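*Asks:* Based on what follows, work out the 3D shape:
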Amino acid sequence: MAPGVIDTDMHQGRLVGEALAWLSSQTPLGRLGTPQDVADTVAFLASDDSRYITGRRLDVSGGTTV
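*Replies:* Reported below is the predicted structural model:
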């Protein structure tokens, strides 16, 4: 799994103003990822619903190109 920019405490105070707006604008969904976005993907991969997925890197980035 390859998460994109995830809005966590690590980014608090660093991603503000123009930097935050620019990063958000680079994502087709128009926002940064959340820890819940990553957790939901992990839960999917750990479930039987993903039983036929093997050897893949799954981007969890909202489609960002950054």
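*Asks:* So what touches the helix or strand of the chain with the lowest mean pLDDT?
*Replies:* Using mean pLDDT, DSSP states H and E, helix 17-25 stands out as the lowest-scoring helix or strand of the chain, at a mean of 84. For helix 17-25, the surrounding residues in contact (Cβ atoms under 8 Å, 6 or more residues apart in numbering) are Val5, Leu15, Gly30, Arg31, Leu32, Thr64, Val66. In this view, the C-beta of every residue, glycine as well, is placed from N, C-alpha and C.
*Asks:* Apply 6 Å and report the result again.
*Replies:* Residues from elsewhere that reach helix 17-25 (Cβ atoms under 6 Å, 6 or more residues apart in numbering): Val5, Gly30, Arg31.
*Asks:* Where does the prediction get shaky in the protein?
*Replies:* For the chain, the stretches with pLDDT under 70 are 66.
*Asks:* Okay, strands next: where are they in it?
*Replies:* Taking DSSP state E, the strands of the chain run over residues 2-3, 59-60.
*Asks:* Sheet-wise, list the partners of the last one with their directions.
*Replies:* Right, strand 59-60. strand 2-3 (parallel) (DSSP bridges).
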